[in-house]
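Peer 1: Show me the folded form of this:
(2 chains)
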Amino acid sequence: MTLRLNTDLAAGVFGLLFAALLWFPRESMGRLSIIFPRAILVITVVISLALIVKAFTKPAARRVHVEGNPVRLAVMIVVLFVWWYAIGLLGFLLATAIVFFGLTWYLARVEGPVTMRRLAQWVPVVALLIGAFYLAFTQVLNVRLPSGIWS
Amino acid sequence: MDMLLEALLSILTLEGLITILAGVTAGLFIGALPGLTATMALAVLLPFTFTMSPLQGLMALGAVYMGAIYGGAFTAILINTPGTPSSIATTFDGYPMARQGRAYEALAAATIASVVGGIIGVAFLLLLAPPLARLAVVFGPAEMFWVALLGLTLVASLSSGSLLKGLLGGCIGMLLSTIGVSPIGGETRFIFGFPALQGGIELIVALIGLFVIPELISMAAQGRGALPESGKLKGGAGSAILRMGKHIFSKPINLIRSCIIGQIIAIIPGAGGNVTSLVAYNEARRFSKDPASFGKGNVDGVIASESSNNVMVAGSMVPLLTLGIPGAPPDAIILGVLLMHGLRPGIDLFTETGVLTNGFILSMGFAALFLLPVGLMGGRLIHRIVVKTPFYFLLPSIAMVTILGTYALRNSMVDVFIMLLLGTVGYFLRLIGIQAAPIVLGMILGVIAEKGYVQTMLAAVVDPIPWLRLVANPLSIVLACLVVLSVATTLLPGWLERSGRMAKAKRDEEQAP
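Peer 2: Numbering: from 1, shown residues only, chains lettered A, B, ... in the order given. Here you go, the predicted structure:
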């Protein structure tokens, strides 16, 4: 998918917005804490303005090429955040089992329809993978993973 | 000399060699997992050394350290994910090489460079520890500020097309590094009312987010694995090793320069492997006859990064063993082990307990040698897994390890959220030309630059012109000149090309009789 977008303008506007986000809360800080971020904020604003000027005088790319299927791209981003939310809610083991299996099924459909038999064959593989990492982190590395509603 | 011989004999036992081999293997696999750093590898394996003799325990930890730093290169090359922060620069050329079907060449180059780097670091430590330690204490806040700026000149090399966008990325990274408690004032900054942000954005969290998540999103959108079909091996593994060995040793300047840079930066407490590999990469690019090929799969970039970060392993022990100052975070754990066994850093370590200290240093040399067989076999195994696993299994697996690794850093789901957020924003920033590398570089060096700058300004508060303190002594003047030189040599060729002077000079040269 190709989008029409002046990348210099987009980068400049992003830089200004990011600088603005950090510019306003700086008032309440002491001199020692603000001296460095203030200098970088000023430089960020100058660079962003330079990019905006360049966008109108000597723009770089005016097209952005998004490789692949945009629907899958959006789904992947949503799935990652749903995974994060589900871990807090259901615990690592259950949330990961559900999301991992669902994501594998969704991605495998790119290559063609997924039969029930194939799905059933994946169950032990997915269980083994998740189980191995779960045990490695909890038993060997002593990391206490979130247990969600089961705690 | 007798002490050195005695130390050598004490490690050349079956038990000693197995300890080193096991340490290197364990370190390699932990280091290869995104989020698990060399410090974590040492911390996790520390309890296993409690039952060992002091020398065996130190040998195991030295080997784990060496293996973990090297292990970071595997994922950096194969899935564009630095396993440890010191492998960031390895991704710049390692992953493009893997995508061109030269994965094994990149892995072989990383292995040989790591082995040579590790051995040179040990040689430096054995021969030059006391004079190098004196150099370490010369680096004050002003010098650290210039070292950070020297590293930041790398932004120009990483900008891939637009210097302004590269600089913007660097500034965004530096601003991200200021979130949390101020290192000098002690106030909390930019936390927007979220107490969870008080600890700041952990470098590894940003690193995983900015490097892994955009790649995962891209893989899902394109329905492909980390390495496409062309990512399979071209030629045999043996021929790749021979080719890379010949390439590295026939033009050893890059290797020697990177090792020297690695050693100098390693002895500066607080700089660490993250900075060494970035600076060495930048210098390799600047001195190359073909700087434009860097970032597109130039093996010299991998060699510079991997040799310098493995020199750092033994190199950072110089201030640790002589002054008791850890040169890098993992060294703090080694210091703890030394103290636990009643060993105090200083000259006594090299005289009274010389056999133990020299044995520890020599064991790191053997660990570096063991990287060759373990690394080449491990590299082949991990490469096969990455290429053979169907992408619909590989992608969720990488996502799961990423989430686990990020969570394990501070047992925080907020860190996981920040990682995902930075990764998603990073994907869209990449589309508009702001790459992840300058942002991460800004995050690493921003902290060092801020500390150096603010401490210098504090010390100069009574001076009539405070900023002159930044160039008050010969070393800081030399470093400042190096920064100017670095900026000039990086920007000048591009400027000459754009202004047409380069083409004119070439034409004149051709027309000349």
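
Peer 1: which SS state does B:W146 fall under?
Peer 2: The local conformation at B:W146, judged by DSSP: H, G, I helix; E, B strand; the rest coil, is helix.

Peer 1: The closest residue in space to it that isn't next to it in sequence: neighbouring residues, count only.
Peer 2: Leaving aside its sequence neighbours, B:W146 sits nearest to B:L479 (C-beta to C-beta, 6 or more residues apart in numbering or on different chains; 3.5 Å). To be clear about C-beta, it is placed using only N, CA and C from the backbone, and glycine gets the same treatment. By the criterion of other C-beta atoms under 10 Å in any protein chain shown, B:L479 has 21 neighbours.

Peer 1: secondary structure element for the most centrally placed residue in chain A?
Peer 2: The residue lying closest to the centre of chain A (C-alpha atoms, centre = their mean) is A:I77, at 6.3 Å. Secondary structure from DSSP states H and E places A:I77 in helix A:70-90.

Peer 1: For that helix, which outside residues touch it?
Peer 2: A:1, A:66, A:95-96, A:98-99, A:102-103, A:106-107, A:110, A:146, A:148-150, B:213, B:216-218, B:220-221, B:223, B:399, B:403, B:413, B:416-417, B:420, B:423-424, B:427 (C-beta atoms under 8 Å, 6 or more residues apart in numbering or on different chains).

Peer 1: doesn't A:I52 make contact with A:D8?
Peer 2: Yes. Between A:D8 and A:I52 there is a contact under C-beta atoms under 8 Å: 7.4 Å.

Peer 1: neighbour count winner among the two?
Peer 2: A:D8 (26 against 19).

Peer 1: Who's the closest spatial neighbour of the more buried one, skipping the chain neighbours?
Peer 2: A:D8 sits nearest to A:A55 (C-beta to C-beta, 6+ apart), 3.8 Å away.

Peer 1: Look through chain B and state the residue closest to chain A.
Peer 2: For chain B and chain A, the shortest gap (C-beta to the nearest C-beta) falls at B:A221, measuring 3.0 Å.

Peer 1: which element is that residue on?
Peer 2: helix B:203-222.

Peer 1: List the buried residues of that helix.
Peer 2: Going by neighbour count (16 or more other C-beta atoms under 10 Å in any protein chain shown), the buried part of helix B:203-222 is B:203-222.

Peer 1: That one: what's the following helix or strand?
Peer 2: helix B:237-250.

Peer 1: follow-up on the earlier one: what's near enough to touch the residue of chain B closest to chain A?
Peer 2: With C-beta under 8 Å, 6+ apart, B:A221 has these contacts: A:66-70, A:72-73, A:76.

Peer 1: one more time with 7 Å
Peer 2: Contacts of B:A221 were listed using C-beta atoms under 7 Å, 6 or more residues apart in numbering or on different chains, and they are A:67-69, A:72-73, A:76.

Peer 1: again, but for B:G170
Peer 2: Applying C-beta under 7 Å, 6+ apart, the residues contacting B:G170 are B:152, B:155, B:438, B:441-442.

Peer 1: do B:V212 as well
Peer 2: Residues counted as contacts of B:V212 (C-beta under 7 Å, 6+ apart) are B:34, B:81, B:398, B:402, B:423.

Peer 1: give me that answer again for 8 Å
Peer 2: B:34, B:79-81, B:398, B:402, B:423.

Peer 1: ok, which pair from those residues is furthest apart?
Peer 2: Farthest-apart pair in the contacts of B:V212 is B:I79 and B:G423; separation 13.9 Å (C-beta to C-beta).

Peer 1: Please list the residues of the stretch 351-500 of chain B that sit near chain A.
Peer 2: B:390-393, B:395-397, B:399-401, B:403-404, B:407-408, B:411, B:413, B:416-417, B:420, B:423-424, B:427, B:429, B:431-434, B:446, B:449-450, B:453-454, B:457-458 (C-beta under 8 Å from any C-beta of the partner chain).

Peer 1: so where do the strands sit in the chain?
Peer 2: Since no chain was named, I'll use chain A. A:2-4, A:63-65 (DSSP state E).

Peer 1: should've been chain B
Peer 2: B:180-181, B:188-189.

Peer 1: The last one - contacts with which helices or strands?
Peer 2: Looking back up the chat, that one is strand B:188-189. Judged by 3 or more C-beta pairs under 8 Å, 6 or more residues apart in numbering or on different chains; DSSP states H and E, strand B:188-189 is in contact with helix A:31-57, strand B:180-181.
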